[in-house]
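[1] I'd like to go over a predicted model; first the sequence, then the structure.
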Amino acid sequence: KRRLGILISGRGSNMQTLVEASRTRESPYEVALVASDKPDAAGLAWAAAHGVATFAQSPKGMAKTDYEARIDAALRDAGVEAIALAGYMRLLTDGFVQRWRGRIVNIHPSLLPLYKGLDTHARAIAAGNAEAGCSVHVVTEELDGGEVLGQARVPILPGDTPDTLAARVLAEEHKLYPRIVREWLNR
Ligand code: GAR
C-alpha cells in the first residue's frame, strides 16, 4: 500500500473519512502520519485514539522554511509518499510544493475555479449562485489552482447561511475525498 500523509489544522473530519476508507483490503493507501500546525487540533487526538501516528509543529516563532522543514522531515521519517491536505489552513511554500511536485492533493469547499481562498460559502451565497460544492485538486504553487480531479455539487437553498451551506457541502466532501484519493493513487 502507498503511504499517505495527511495535513490538518483543526477538526479533521475529512481526515477521519480518509483514515476510515483506508482500512479496507481494497484501499491503495494507508495513513502513515497525520500532521498539524496546531498542536491542539481536535483531529490529532482523534487520529491518535484511532492508532494513527501523529505529529504537531507550531510555526510560531520560527521561519516558515524551518517550520516546513520540520513537517517535511516528519513526513519522510514516516515513509510518506503522497500527501492529502484536509482543512490545512496554511499556504505551503513553493519549495515544499516543488519537493512534493504532483504528490499533494487538497480538498477545497467551492466549485473551482470559483472562489479560491477563504469564505467560499459566504461568497457563493452573496453572488446569488444556485449551486455550491467542493473540489479535489492537485496542489501547485498557485493557491487552489492545480488540476481538478473531482467535484461534487449541492443546491444553495433559500435561507441558507454560510454555516448551513457548509454542512451540506461537508457531507459531500466526506464522500468525494476518499473516492478521489483512491482514484488518484491508482492512476
Ligand atoms: C473543509 O470544509 C475543507 O474543505 C476546508 O476546511 C474544512 C475542514 O474541515 N478547507 C479549506 O477551506 C482549505 N482552504 P475538516 O477539518 O473537518 O476536514
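    Happy to help now that I have it.

[2] which residues of the protein fall in helices?
    Remark: helices assigned in the chain by DSSP state H are 13-22, 42-49, 64-77, 94-99, 120-126, 162-186.

[3] most tightly packed of those helices?
    Of the helices of the chain, the one with the most neighbours on average (mean count of other Cβ atoms under 10 Å) is helix 13-22, at a mean of 21. (C-beta placed from N, C-alpha, C; glycine too.)

[4] just checking, what packs against that one?
    Judged by 3 or more Cβ pairs under 8 Å, 6 or more residues apart in numbering; DSSP states H and E, helix 13-22 is in contact with strand 2-8, strand 29-36, helix 42-49, helix 162-186.

[5] mind listing what the closest residue to residue 15 other than its chain neighbours touches?
    Spatial nearest neighbour of residue 15, excluding adjacent residues (Cβ to Cβ, 6 or more residues apart in numbering): residue 86 at 4.3 Å. Counting by Cβ atoms under 8 Å, 6 or more residues apart in numbering, residue 86 touches 6, 7, 8, 12, 14, 15, 18, 43, 107, 177.

[6] again with residue 29
    By Cβ under 8 Å, 6+ apart, the neighbours of residue 29 are 1, 2, 3, 4, 22, 82, 181, 182, 185.

[7] go again using 7 Å as the cut-off
    Contacts here follow Cβ atoms under 7 Å, 6 or more residues apart in numbering; on that basis residue 29 touches 1, 2, 4, 22, 181, 185.

[8] so which of those residues would you say is closest to the ligand?
    The shortest approach to the ligand among these belongs to residue 181, at 13.1 Å (Cβ to the nearest ligand atom).

[9] verify the stated contact: the closest one with residue 84.
    Yes - contact criterion Cβ atoms under 7 Å: residue 181 and residue 84 qualify, at 5.8 Å.

[10] now do the shared contacts for those two.
    In contact with both residue 181 and residue 84: 18, 105, using Cβ under 7 Å, 6+ apart.

[11] about what we covered before: how about JSON lines for the contacts of residue 29, with pLDDT and distance to the ligand added?
    Shown next, in JSON lines, are those (pLDDT from 0 to 100; distance: Cβ to the nearest ligand atom, whole Å):
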{"residue": "1", "pLDDT": "96", "distance to the ligand": "22"}
{"residue": "2", "pLDDT": "97", "distance to the ligand": "21"}
{"residue": "4", "pLDDT": "98", "distance to the ligand": "15"}
{"residue": "22", "pLDDT": "98", "distance to the ligand": "15"}
{"residue": "181", "pLDDT": "98", "distance to the ligand": "13"}
{"residue": "185", "pLDDT": "97", "distance to the ligand": "19"}
